[in-house]
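Chemist: I'd like to go over a predicted model; first the sequence, then the structure.
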Amino acid sequence: MKFVKILLPTLLLVNVFVQAQQPTATSVNATPADKIGLQEAVDVALKNNLSIKQSGLAVEGSLNTYDQSKWARYPNLNGSANLNLFSGRNINPYTNGIITNTVGSNGFGLSSGVTIFDGFQTRNNIALNQTNLEVARLDLQAMKNTITLNVVVAYLNVLSQEDLLAIAQRQVEVSRIQLERTQKMVNAGSVPETNLFDIQAQLANDEVQVVNAENAIITAKLTLKQLLNVAADRNLDVVRIEVPNPNIAPYPNSANEVYDIAQGFLADVQAADMRIKAAQKAVDIAKGLKYPVVSAFANANTSTTTAAEKVLVSQKIVETEAGYVDVAGVRYPVIALLPTTSTSTEKIGYFRQLGGNVNLSAGISARIPIFNGYNAKYRTTGAVIQQKQAEVQAENVRLRLRQDIETAYVNMSNSAKKYSALGNQVRALEESYRAAEARYNVGSLNSLDYSISKTNLDRARANQIQAKYDYIFRIKILDYYQNKPLNF
């Protein structure tokens, strides 16, 4: 698992107590330190972590894609409009006759279409996007779990280094007291002056250990600050929490039981399974390319033109001389009433054209795949390969989970044995040191043997603190695999 790889380097920080560091004092901070508790540290890390923000945006993107794909089931509706100007020799859009003058036209339209059947590609695409959304959410949760665990580990590491500093400071106090006693004994002539030099060297060594412990705290806090994504120069102190001495009783669950629980809820495993489902839907989509696509459509259009004219026909009776009639030598004109027809043109109004030129159409179309370069075949084959890859990846996730749990379980068992053995060692060395101190104070033990006895006890106490927190780390890893709270 990812968090195990992040965790191990952090655990190594507990060893810096016994390593040489450059002297750096922690008391030079000019501003009061900000106190932060464990839960607050987790909340700040989850809020500030950039990878979590990226995963959150990935969830939003997947949700947007999923919502968009659902609307593909519904008809579309589009409008159109155009405004044209024609000059020179053109076709009269109203009469289809030839014209040479400048003509303008205007048109509007509505079109709608809906897919009736597409080989279930739309339905499967919706299911695919829904699965991808769930994968994105699980990936986000897995990242939050990893960050939470790493913050807990870093927080405990600060506490462990502070405990080691307290031990180192107590060692300095003991050495100073012993130095005063030795000085008095040298002044009294009961012990040689070389004993004083040995105790002074012991005190100097203890003071170096204090500096090393202070530097280790600075390093541990820096690791915590980086996980919180806050400034490295921010003065930050952790709230002390009671970390009880661990119980050496056998862990209540076996490694197999821990694995069975872990694979049922861990987001990493669930995400791997969901990727298999997504790959299966991709196969179904590819198979849908083999089927015809049946669609329905409808259109409504209208237009106007400046060339649109109507012909007006008018008739009237005109009196005209049709000839003469001679009556008794008198000529009388013959008046004939003849009908006459006249024509004129009148522009057709804009809105009248819009209402009169409406045309409607509707129909059903089918696109039948006959030969498309074996596109459906190769798409299906590729999708099947990706499905198999997802299945192998899911098996690999479970394998790594089992191996990580087995390793964590063995490490926990080893840490329990080490912690128990160190407890016995500390108790034995405490008795040995008390006896050595009593003998030294009466002058029956030389300073070298006394220093060796004290150094052995100091080292054992430091090792016991390290073993305590290491054992707690190992237990919390197994608790994490079982979705148990990471509190104390």
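Modeler: Okay, I see it.

Chemist: which residues of the stretch 1-150 of the chain fall in helices?
Modeler: Secondary structure of the stretch 1-150 of the chain by DSSP state H, counting those that start in this stretch: the helices cover 2-11, 38-48, 50-70, 121-188.

Chemist: So which elements touch the second one?
Modeler: Packing partners of helix 38-48 (3 or more CB pairs under 8 Å, 6 or more residues apart in numbering; DSSP states H and E): helix 121-188, helix 193-228. Quick note: C-beta positions are derived from backbone N, CA and C, even for glycine.

Chemist: Which of those sits closest to residue 85?
Modeler: Of all the helices and strands packed on helix 38-48, helix 121-188 sits nearest to residue 85, with 42.2 Å by CB to CB.

Chemist: Kindly format the C-alpha coordinates of stretch 252-268 as CSV.
Modeler: The C-alpha trace of stretch 252-268 is given here as CSV (Å, rounded to 0.1, in the frame of the first residue of the first chain):
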residue,chain,number,x,y,z
PRO,A,252,-6.9,-10.1,19.0
ASN,A,253,-6.9,-10.9,15.2
SER,A,254,-4.7,-13.1,13.1
ALA,A,255,-3.2,-11.8,9.9
ASN,A,256,-5.8,-13.7,7.8
GLU,A,257,-8.6,-12.1,9.8
VAL,A,258,-7.1,-8.7,9.4
TYR,A,259,-6.9,-9.3,5.6
ASP,A,260,-10.5,-10.5,5.3
ILE,A,261,-11.7,-7.3,7.1
ALA,A,262,-9.4,-5.0,5.1
GLN,A,263,-10.4,-6.2,1.7
GLY,A,264,-14.1,-5.6,2.6
PHE,A,265,-13.8,-1.9,3.2
LEU,A,266,-10.4,-0.5,2.1
ALA,A,267,-11.0,2.1,-0.6
ASP,A,268,-8.0,0.9,-2.6
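
Chemist: ok so, going back, make CSV from the helices and strands packed on helix 38-48 and add distance to residue 77, mean neighbour count and mean pLDDT to it.
Modeler: Output for the helices and strands packed on helix 38-48, formatted as CSV (distance: least, CB to CB, whole Å; neighbours: other CB atoms under 10 Å; pLDDT from 0 to 100):
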stretch, distance to residue 77, mean neighbour count, mean pLDDT
helix 121-188, 18, 20, 92
helix 193-228, 51, 19, 92
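
Chemist: mind checking which of the ones you listed is nearest residue 272?
Modeler: Nearest of those (CB to CB): helix 121-188, 9.0 Å.

Chemist: tilt between that closest one and helix 50-70?
Modeler: Per axes from the mean of the first three to the mean of the last three CA atoms, to 10 degrees, the angle that helix 121-188 makes with helix 50-70 is 170 degrees.

Chemist: what would the helices of the stretch 1-150 of the chain look like in TSV with distance to residue 259?
Modeler: Output for the helices of the stretch 1-150 of the chain, formatted as TSV (distance: least, CB to CB, whole Å):
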stretch	distance to residue 259
helix 2-11	14
helix 38-48	26
helix 50-70	26
helix 121-188	17
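
Chemist: Look up how far residue 337 lies from residue 155.
Modeler: 118 Å (CB to CB, to the nearest Å).

Chemist: Please disregard the earlier target; I meant residue 73.
Modeler: 74 Å.

Chemist: Out of the helices and strands packed on helix 38-48, which is closest to residue 474?
Modeler: helix 121-188 (10.9 Å).

Chemist: Contacts only, for the spatially closest residue to residue 58 that is not a sequence neighbour.
Modeler: Closest residue in space to residue 58, ignoring its immediate chain neighbours: residue 136 at 4.9 Å, by CB to CB, 6 or more residues apart in numbering. Neighbour list for residue 136: 55, 58-59, 61-62 [criterion: CB atoms under 8 Å, 6 or more residues apart in numbering].

Chemist: looking at the helices of the stretch 1-150 of the chain, which is closest to residue 412?
Modeler: helix 2-11 (12.6 Å).

Chemist: So for residue 82, which of the helices of the stretch 1-150 of the chain sits nearest?
Modeler: Comparing the helices of the stretch 1-150 of the chain by CB to CB, helix 50-70 comes nearest, at 29.2 Å.

Chemist: quick check: angle from that closest one to helix 38-48?
Modeler: Using the same axes, to 10 degrees: helix 50-70 against helix 38-48 is 60 degrees.

Chemist: and helix 50-70, how far out from the chain's middle?
Modeler: Counting by CA atoms, centre = their mean, to the nearest Å, helix 50-70 is centred 9 Å from the centre of its parent chain.

Chemist: Could you list every helix and strand in contact with it?
Modeler: Checking 3+ CB pairs under 8 Å, 6+ apart, helix 50-70 ends up next to helix 121-188.

Chemist: how about the nearest residue to the residue nearest the centre of the chain, chain neighbours excluded?
Modeler: What sits nearest the mean C-alpha location of the chain, by CA atoms, centre = their mean, is residue 55, with 1.2 Å. Once flanking residues are discounted, residue 55 sits nearest to residue 140: 4.2 Å by CB to CB, 6+ apart.

Chemist: Quick check: that neighbour touching residue 52?
Modeler: Yes - if you go by CB atoms under 8 Å, residue 140 and residue 52 touch, sitting 7.0 Å apart.

Chemist: show me the contacts for residue 86.
Modeler: 102-105.

Chemist: What confidence value was assigned to it?
Modeler: Looking at residue 86, its pLDDT stands at 84.

Chemist: Same check on residue 303?
Modeler: Model confidence at residue 303 (pLDDT) stands at 91.

Chemist: start at 688 instead
Modeler: OK, 688 is where the count begins now, so the last one is residue 990.

Chemist: thought it was touching residue 771?
Modeler: No - Residue 990 is beyond contact range of residue 771, at 9.5 Å (criterion: CB under 8 Å).

Chemist: quick one: common contacting residues for these two?
Modeler: 792-794.

Chemist: Neighbour count: residue 990 and residue 771, which is higher?
Modeler: residue 990 (19 against 12; other CB atoms under 10 Å).

Chemist: now the more buried one, nearest residue through space, not along the chain?
Modeler: residue 794 (3.8 Å).

Chemist: Would you check that the one you found makes contact with residue 766?
Modeler: No - using CB under 8 Å as the test, residue 794 is too far from residue 766 to be in contact (11.3 Å).

Chemist: More neighbours: the two, which one.
Modeler: residue 794 (17 against 9).

Chemist: residues in contact with that one?
Modeler: Here residue 794 is in contact with 767-769, 771, 988-991 (CB under 8 Å, 6+ apart).

Chemist: Lowest pLDDT pick from the shared contacts of residue 990 and residue 771?
Modeler: Out of those, that is residue 792, at 88.

Chemist: which residues touch it?
Modeler: Residue 792 sits in contact with 769-773, 780, 990-993, where contact means CB under 8 Å, 6+ apart.

Chemist: Can you name the residues bridging to it?
Modeler: Applying DSSP bridges to residue 792 gives these bridge partners: residue 771, residue 992.

Chemist: That one and residue 779, how far apart?
Modeler: 10 Å.

Chemist: try residue 878
Modeler: 129 Å.

Chemist: Show residues contacting the helix or strand hosting residue 1003.
Modeler: With elements taken from DSSP states H and E, the one containing residue 1003 is strand 996-1014. With CB under 8 Å, 6+ apart as the test, strand 996-1014 has contacts from 781, 1018-1035.
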